[in-house]
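A.B. asks: Sequence first, then the predicted structure:
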Protein chains: 2
Amino acid sequence: MTQTVYNFSAGPSVLPKKATQEAAAAIMDFAGTGIGILEMSHRSKPIENMVAETESMLRELMGISDNYDIVFLGGGASLQFCMVPMNILDEKAHADYTDTGVWAAKAIKEAKRFGTVNVVSSSKADVYNHIPKDFKQTEGAAYLHVTSNNTIYGTQWKNFPEAATYLVADMSSDILSRKIDVSKFGLIYAGAQKNMSCAGVTLAIIRKDILGKVERSIPTMLDYATHIPEHSMFNTPPVFPIYVMNRTLSWLKENGGVEAMEALNNKKSGILYDAIDNSKLFVGTAAKEDRSTMNVPFIFNKDVVAQEKADELQKEFLAFTKERGLEQLKGHRSVGGFRASIYNAMPLAGVEALVSAMDAFEKKVLG
Amino acid sequence: MTQTVYNFSAGPSVLPKKATQEAAAAIMDFAGTGIGILEMSHRSKPIENMVAETESMLRELMGISDNYDIVFLGGGASLQFCMVPMNILDEKAHADYTDTGVWAAKAIKEAKRFGTVNVVSSSKADVYNHIPKDFKQTEGAAYLHVTSNNTIYGTQWKNFPEAATYLVADMSSDILSRKIDVSKFGLIYAGAQKNMSCAGVTLAIIRKDILGKVERSIPTMLDYATHIPEHSMFNTPPVFPIYVMNRTLSWLKENGGVEAMEALNNKKSGILYDAIDNSKLFVGTAAKEDRSTMNVPFIFNKDVVAQEKADELQKEFLAFTKERGLEQLKGHRSVGGFRASIYNAMPLAGVEALVSAMDAFEKKVLG
């Protein structure tokens, strides 16, 4: 019997089995056309319909109203770090950014090329172990930028701040994991390779009234206004990554939508955080009130494991879990230790297997 | 028995059966890891190795020397229309562009945002039915831009012009279809979805000495120098489209490489052009000396089919060929009629089936 593998990768990451099976089947024959999805013109009806259906499922699942446009782009969320200010931050204007992690800091760095950026809060000095929520917005800021979930540090905005104008959010690592009120946001963007699809497509949800207000000339491909009227078909879009998103959203709908997923994510992360809090060997690294339901970093308790033994024991734990089919648990180098990414598609059984392995390892080490 | 389908789509387009089968299999389990390729971290060894192997196969197949860097990017060749001048055309400098089709014209439009563009030749007035080869380069031009093959019009540079400095080429629709001397080019870019992979990845081949010479500040993601030292892993690359490229290149190597492919492409296109030239019903639209080996547009002979009957007969021909499993033969609206795209992965049997259907249809119509 083959052992079940649970993939705790931070991204690209686990996808619903059904979605990947459907994607693989479509490569050999898409929608009974006799042509595989990789080989089909993006201007063909089956592909146009598929992209439209993907948009429509997103609208339904997230509750996105008609005063928002949706586009599917290439280049990753990192390209959005410059596209966002290029499109909505005028040279003489200013915007507020919250600095809650390395990706937030990258967004800040890019935005500074286009206008004035006020970093209104930062937890950088604490290795981003919490979300700094006590800050003042700048008078007249065009928007307030947040990173909804910080993959590396395992922190998450539980309640989004009220923006004086509107929020702009990078939701790459927790989109579709919980209900959000889209109407508070002017723009939401997200790389798809964590909760939505494989790598290669980035989603942008844009409130209709925020565009067309900057004076600069924007290169055609970097202008949201190019892609919106063309329904992401101005040029050849990343068809297959959009299809994997389509199948993932369909799976999400069949499994109760975002509401059911949020309950399951709370349950899964709850079990794991309880195990960490009840452990003598492991401790969490993020402030409790900001703990992410998506990424759970943990390290050895320094009072129990001496610094000089930590490296060796870390390798042992990774080998111990790998033997049990628990993969990709190594922590990010800036936090160290371990990280379990438990996105929507991670089944409860995977988290239970991890908790049980942590317990067994602790007994082995501490007796 | 299921009928064989031949897909003449202009792009995304037919891929080698073996490559698509391998890609579909990797979705369920990549390289024996128990994890599918869509779900695997781009920073994992199997993916890093796969991307490095893809680059190395490209170098071997195209004869790319070490003084060129290779990067895999998102956003399509259309994004390169602005990235190219952003990276190598200074604001006070000028570059020469040849206008041989709609895509060339789009490249020209974007380049104008960044410096002075001299359109040194154009066949626009003739609906781009030929490659205008008689032109003078501008003194001191930074580079000379060409579109190696014009997908819509079925024209192709058979011999590239000698650039005073270096050539920059959009090779989206004929890369790897014939031997080229890379050393004449400073930069080659190509969307993958015609001869190399599915949609979602764009290749750029950049001579090392041409970068770092413009004064403007370039957004991080749009700067080739960001991606080069990171081997396309600065952010999450479009992993799966790169893997489809990997499998397609492997197939190409197994089938004799670019040299064998060029001979086959000459044979395939030769058979089709001969059929057109010997037909009373069909005529080609491109100048004979510039005929593409990749895209073959043809229309009804106006002396034989009256204008008012052309639309109806066109539908008949498309239905007639579709019945025989010959798909996607409708021509682009700007040329009309029909277009057979016969990229590397189109087997000789597909072209023979088309020629035979054309002959049968002609007999049916003309008796």
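C.D. replies: Happy to help now that I have it.

A.B. asks: residues touching A:Asn7, list them.
C.D. replies: If you count contacts by CB atoms under 8 Å, 6 or more residues apart in numbering or on different chains, A:Asn7 has them with A:Ser13, A:Val14, A:Glu327, A:Gln328, A:Met346, B:Ile35, B:Glu39, B:Met40. (Each C-beta comes from the backbone N, C-alpha and C, glycine too.)

A.B. asks: Quick one: neighbours of the first one, just the number.
C.D. replies: The number of residues packed around A:Ser13, counting by other CB atoms under 10 Å in any protein chain shown, is 29.

A.B. asks: for the third one, same thing?
C.D. replies: Using other CB under 10 Å as the criterion, A:Glu327 is surrounded by 22 other residues.

A.B. asks: Pretty sure it sits against B:Ile35.
C.D. replies: Yes - if you go by CB atoms under 8 Å, A:Glu327 and B:Ile35 touch, sitting 6.5 Å apart.

A.B. asks: Surely A:Asp190 is within a strand?
C.D. replies: Actually, residue A:190 is Ala rather than Asp. Yes - A:Ala190 sits within a strand when classified using DSSP: H, G, I helix; E, B strand; the rest coil.

A.B. asks: coming back round to it: could you pull out the residues contacting both of A:Glu327 and B:Ile35?
C.D. replies: Shared contacts of A:Glu327 and B:Ile35 (CB under 8 Å, 6+ apart): A:Val5, A:Asn7, A:Ser9.

A.B. asks: Look up how far B:Gly32 lies from the first one.
C.D. replies: For A:Val5, the distance to B:Gly32 (CB to CB, to the nearest Å) stands at 11 Å.

A.B. asks: So for those two, which sits in the more crowded spot?
C.D. replies: A:Val5 (19 against 7).

A.B. asks: dump the residue contacts of that one.
C.D. replies: By CB under 8 Å, 6+ apart, A:Val5 lies in contact with A:Gly325, A:Glu327, B:Gly34, B:Ile35.

A.B. asks: again, but for A:Asp170
C.D. replies: A:Ala77, A:Gln80, A:Trp103, A:Ala104, A:Ala107, A:His145, A:Val146, A:Thr147, A:Ser148, A:Tyr189, A:Ala190.

A.B. asks: ok, so of those residues, who is nearest B:Leu222?
C.D. replies: Proximity of the contacts of A:Asp170 to B:Leu222 (CB to CB) peaks at A:Gln80, which lies at 12.4 Å.

A.B. asks: Contact partners for that closest one?
C.D. replies: Applying CB under 8 Å, 6+ apart, the residues near A:Gln80 are A:Leu73, A:Asp170, A:Tyr189, A:Thr202, A:Ala204.

A.B. asks: Quick check: the two most widely separated of the residues you listed?
C.D. replies: Among the contacts of A:Gln80, the pair separated by the greatest distance (CB to CB) is A:Leu73 and A:Asp170, at 13.8 Å.

A.B. asks: returning to what we had before: now pLDDT and secondary structure too, for the shared contacts of A:Glu327 and B:Ile35, in TSV please.
C.D. replies: Output for these, formatted as TSV (pLDDT from 0 to 100; DSSP: H, G, I helix; E, B strand; the rest coil):
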residue	pLDDT	secondary structure
A:Val5	94	coil
A:Asn7	97	strand
A:Ser9	97	coil
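
A.B. asks: So what does A:Ser172 look like in phi/psi?
C.D. replies: Dihedral pair for A:Ser172: phi -50, psi -40, per degrees, to the nearest 10.

A.B. asks: any idea how far it is from chain B?
C.D. replies: Distance of A:Ser172 to chain B, given as CB to the nearest CB, to the nearest Å: 9 Å.

A.B. asks: surely that residue meets A:Ala77?
C.D. replies: Yes - between A:Ser172 and A:Ala77 there is a contact under CB under 8 Å: 4.8 Å.

A.B. asks: just to revisit the earlier point, where helices are concerned, which of the contacts of A:Gln80 count?
C.D. replies: Among those, no member falls in helices (DSSP state H).

A.B. asks: coming back round to it: which one of the contacts of A:Asp170 is nearest to chain B?
C.D. replies: Taking CB to the nearest CB as the measure, chain B sits nearest to A:Ala77 out of the contacts of A:Asp170, at 7.6 Å.

A.B. asks: Give the burial count for the closest one, as a bare number.
C.D. replies: Around A:Ala77 there are 29 residues (other CB under 10 Å).

A.B. asks: Kindly report the same for the one 10 residues further on.
C.D. replies: By other CB under 10 Å, the residues close to A:Asn87 number 23.

A.B. asks: before we move on, what about A:Glu215?
C.D. replies: A count of nearby residues for A:Glu215, using other CB under 10 Å, gives 8.

A.B. asks: just A:Pro241 next, same as before
C.D. replies: Counted by other CB under 10 Å, the residues lying close to A:Pro241 total 30.

A.B. asks: So which residue is smack in the middle of chain A?
C.D. replies: The centroid of chain A falls nearest to A:Ser173 when counting by CA atoms, centre = their mean (1.3 Å).

A.B. asks: Now do the same contact list for that one.
C.D. replies: A:Ser173 makes contacts with A:Ala10, A:Gly11, A:Ser148, A:Asn149, A:Asn150, A:Thr151, A:Lys194, A:Asn195, A:Met294, A:Asn295, as judged by CB under 8 Å, 6+ apart.

A.B. asks: and what of A:Ala52?
C.D. replies: Listed by CB under 8 Å, 6+ apart, the contact partners of A:Ala52 are A:His231.

A.B. asks: Shouldn't it be within a strand?
C.D. replies: No - going by three-state DSSP, the assignment for A:Ala52 is helix, not a strand.

A.B. asks: Any idea how many residues pack against the closest residue in space to A:Ile188 that isn't next to it in sequence?
C.D. replies: Excluding the flanking residues, the one nearest A:Ile188 by CB to CB, 6 or more residues apart in numbering or on different chains is A:Ile205, at 4.3 Å. When neighbours are counted by other CB under 10 Å, A:Ile205 registers 23.

A.B. asks: May I ask which helix or strand encompasses the residue lying closest to A:Met221 once chain neighbours are set aside?
C.D. replies: Sequence neighbours aside, B:Leu79 is the residue nearest to A:Met221 in space, at 4.6 Å (criterion: CB to CB, 6+ apart). Using DSSP states H and E, the element containing B:Leu79 is helix B:76-88.
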